[in-house]
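Model the following, please.
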Amino acid sequence: MSATEHARSDEQQADEPSLAEQMDQAPEPAARRSRRLDRETWSMLVVPPVLVALVFAGFVWWRQSADLDSTELNQLQWSTIWRLIGEHVQVTAVSAVAVVLVAVPLGVALTRGPLRRTAPLVVGFANAGQAAPSIGLIVLLAIWVGFGFWTAVLALTLYGVLPVLRNTITGLQGVDPTLVEAGQGLGMSSTAVLLRVELPLALPVIMAGVRTALVLLVGTAALATFINAGGLGAIVDAGISNYRFSLMIAGAVLIALLALLVEWLGRLLELATRPKGL
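Got it, this is the predicted structure:
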């Protein structure tokens with residue numbers, strides 16, 4: 001073999017990765033990926049409630065030690081705070097149930113038969129409703145329907161439909177058609193295929209939309225105070241009306257903590273309803 005051939009052989013051996021490099025580039029074992037995902041899941045489940053507890057403890061310390069005037073003390077009494085939190089949770093929970101009852105059946109209907117053609121139109125209409133300013137939607141409905149709790153529920157329902165509706169349609173459209181055909185081949189009816197095959201497989205995507213809607217509802221529910229529906233927005237409103245920055249910050253912090261807590265509860269519900277093996 002000539003010197004030139006020896007040189008080419010050496011270059012080829014140098015270009016080939018070594019055994020150690022090949023082992024480093026090998027696919028990550030499934031068990032290790034599973035452990036890593038478990039750690040990520042546990043961190044997402046543990047960190048939010050701990051963070052909420054720490055920040056709320058700081059709020060309690062500030063509330064007990066701060067030098068507050070009569071207006072601030074009147075708005076930040078513990079009885080008032082807990083009453084407003086209860087009102088905020090109530091309007092959010094009722095609106096969330098209404099969103100699910102409206103968006104999921106509508107999403108299922110828009111993936112069936114001739115209604116499939118209208119799905120882009122309906123989603124576009126819901127998208128336009130969410131794009132409108134939330135305070136404008138709430139006030140216009142209050143002028144049209146009347147002030148109060150149920151008007152706030154109606155406005156929040158219209159505002160929170162889009163994430164659940166869109167995810168329901170996306171989740172059902174993403175189901176493998178061969179699985180649907182297999183269910184039909186076993187003699188299942190269309191309803192049975194929907195309930196036993198399609199919805200369980202689409203449930204993780206639907207629950208992600210529900211979690212997004214919950215966070216939107218908690219934040220937007222602060223505006224319900226402007227139509228006499230209660231909620232933590234009353235503290236922020238009192239701070240704006242009386243030029244008390246402490247009240248504005250306190251109300252904003254409580255709303256943010258409630259949103260984090262609701263998002264965490266939504267994640268728990270998402271994991272609890274996820275079918276085994278997904």
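
pLDDT below threshold where in the stretch 101-250 of the chain?
The stretch 101-250 of the chain contains residues with pLDDT under 70 at 129.

all helices in it, in order from the N-terminus.
119-131, 134-145, 149-173, 177-185, 190-193, 199-220, 233-242, 245-272 (DSSP state H, counting those that start in this stretch).

Quickly compare these and say which is most buried.
Among the helices of the stretch 101-250 of the chain, ranked by average contacts under mean count of other CB atoms under 10 Å, first place goes to helix 149-173 (a mean of 23). All C-beta spots, glycine's among them, are computed from the backbone N, C-alpha and C.

quick one: that one to chain centroid distance?
12 Å (CA atoms, centre = their mean, to the nearest Å).

quick one: that helix to helix 199-220, angle?
Orientation of helix 149-173 against helix 199-220 (axes from the mean of the first three to the mean of the last three CA atoms, to 10 degrees) gives an angle of 150 degrees.

hmm, back to that, so which of the helices of the stretch 101-250 of the chain comes closest to residue 101?
Shortest separation from residue 101 across these is recorded for helix 149-173, at 9.1 Å, computed as CB to CB.

Mind giving me the packing neighbours of that closest one?
If contacts are counted by 3 or more CB pairs under 8 Å, 6 or more residues apart in numbering; DSSP states H and E, helix 149-173 sits against helix 78-109, helix 119-131, helix 134-145, helix 199-220.

so it versus helix 177-185, what angle?
Taking the same axes, to 10 degrees, one finds helix 149-173 and helix 177-185 inclined to each other by 90 degrees.

picking that back up, how about CSV for the helices and strands packed on helix 149-173, with distance to residue 65 added?
Shown next, in CSV, are the helices and strands packed on helix 149-173 (distance: least, CB to CB, whole Å):
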stretch, distance to residue 65
helix 78-109, 15
helix 119-131, 41
helix 134-145, 34
helix 199-220, 28
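
ok, now which ones touch residue 199?
108, 172, 206 (CB atoms under 8 Å, 6 or more residues apart in numbering).

likewise residue 85?
232, 254, 258.

from the middle of its chain, how far away would stretch 207-223 be?
6 Å.

same deal with stretch 223-230?
23 Å.

Stretch 171-187 now?
27 Å.

Quick check: residue 75 vs residue 106, distance?
Using CB to CB, to the nearest Å, residue 75 is found at 40 Å from residue 106.

More neighbours: these two, which one.
Neighbours around residue 75 and residue 106, counted as other CB atoms under 10 Å, are more numerous at residue 75. The numbers are 23 against 18.

how far away is the more buried one from residue 221?
Taking CB to CB, one finds residue 75 at 18 Å from residue 221.

repeat for residue 190
Taken as CB to CB, the span from residue 190 to residue 221 is 38 Å.

Next: residue 81.
In terms of CB to CB, residue 81 sits 16 Å off from residue 221.

Please identify which of the two sits among more neighbours.
Using other CB under 10 Å, the more surrounded residue of residue 81 and residue 221 is residue 221, with 33 against 18.

Could you name the helices and strands sitting against the single longest helix found in the chain?
Taking DSSP state H as the criterion, the chain has its longest helix at helix 30-65. When contacts are defined as 3+ CB pairs under 8 Å, 6+ apart, helix 30-65 sits against helix 245-272.

What angle do helix 199-220 and the helix it packs on make with each other?
Using the same axes, to 10 degrees: helix 245-272 against helix 199-220 is 180 degrees.
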